[in-house]
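>>> Provided below are the primary sequence and the corresponding predicted coordinates.
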Amino acid sequence: MLLHGFIVYYLSSMLDLKVLIRFFDSGYILKFFLLILLFSLVPLGELYLVFMVGDLLGRYLTLAAAAVTGLAGLLVVYGSAKTALREVKKQVREGVYPTGELSLFAGTIIQALFLLTPGFFTDFLGILLLWRRVRFFTGKIITRKMENQLKEIYEYLRLYDL
């Protein structure tokens, strides 16, 4: 019973009331289900591309290519994320709100998701995000709606000098 109470408390503290209220809007529900549909269609398209490339190059070469792009993506993204995080911390220590650096960091996270997801289409999108401007623009789209949460993170980082 104590564990159940803890789980309910934990989940309720994680869920924002605004998010829960949005589920009562039919337009939001439609967008939510379309997003879920998109997440289910992307892997199907990736499988189709892998099968096509597998027919052209052979199964083993195709699997090796997917593994190598995943490993290379991991190395590239780790370096990019480390650099972006270092810049965020530098700006925080200087007392400047790091708007651009946070956008770049968010774009790096999206790049990591694309490069680490097996498949050729997602790898192509991850490679597009190697360009700093594309990564910044993508991160800007994501951070635009998270401005209040990012300011709270900024204050936390300033307070604890991380």
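Sure, I can see it. Numbers count the residues shown, from 1 in each chain.
>>> Every contact and neighbour count from this point should use C-alpha atoms.
Noted.
>>> The residue nearest in space to the middle of the chain: which element?
Taking Cα atoms, centre = their mean, the centroid of the chain lies closest to Ile110, which sits 3.6 Å from it. Using DSSP states H and E, Ile110 maps to helix 99-116.
>>> Show me what that helix is packed up against.
Helices and strands touching helix 99-116, by 3 or more Cα pairs under 8 Å, 6 or more residues apart in numbering; DSSP states H and E, are helix 59-93, helix 120-128, helix 132-143.
>>> For Leu128, see how far away the residue nearest to the centre of the chain is.
Ile110 sits 11 Å away from Leu128, going by Cα to Cα, to the nearest Å.
>>> what's the answer for Thr143, then?
Using Cα to Cα, Thr143 is found at 19 Å from Leu128.
>>> higher neighbour count, the two?
A count of neighbours by other Cα atoms under 10 Å puts Thr143 above the other of Thr143 and Leu128, at 21 against 15.
>>> surely the more buried one meets Ser103?
Yes. Taking Cα atoms under 8 Å as the definition, Thr143 is a contact partner of Ser103 at 6.1 Å.
>>> Burial check on Ala64, number of neighbours?
Using other Cα under 10 Å, Ala64 has 11 neighbouring residues.
>>> what's the answer for Pro118, then?
Neighbour count of Pro118, defined by other Cα under 10 Å: 20.
>>> which one of the helices and strands packed on helix 99-116 lies closest to Val42?
Nearest to Val42 among the helices and strands packed on helix 99-116 is helix 120-128 (8.6 Å), distances taken as Cα to Cα.
>>> What ranges in the protein fall below the confidence cut-off?
Along the chain, segments meeting pLDDT under 70 span 1-23, 162.
>>> Can you spell out the domain ranges of it, please?
Listed domain ranges for the chain are 1-57, 58-162 (source: automatic domain parsing).
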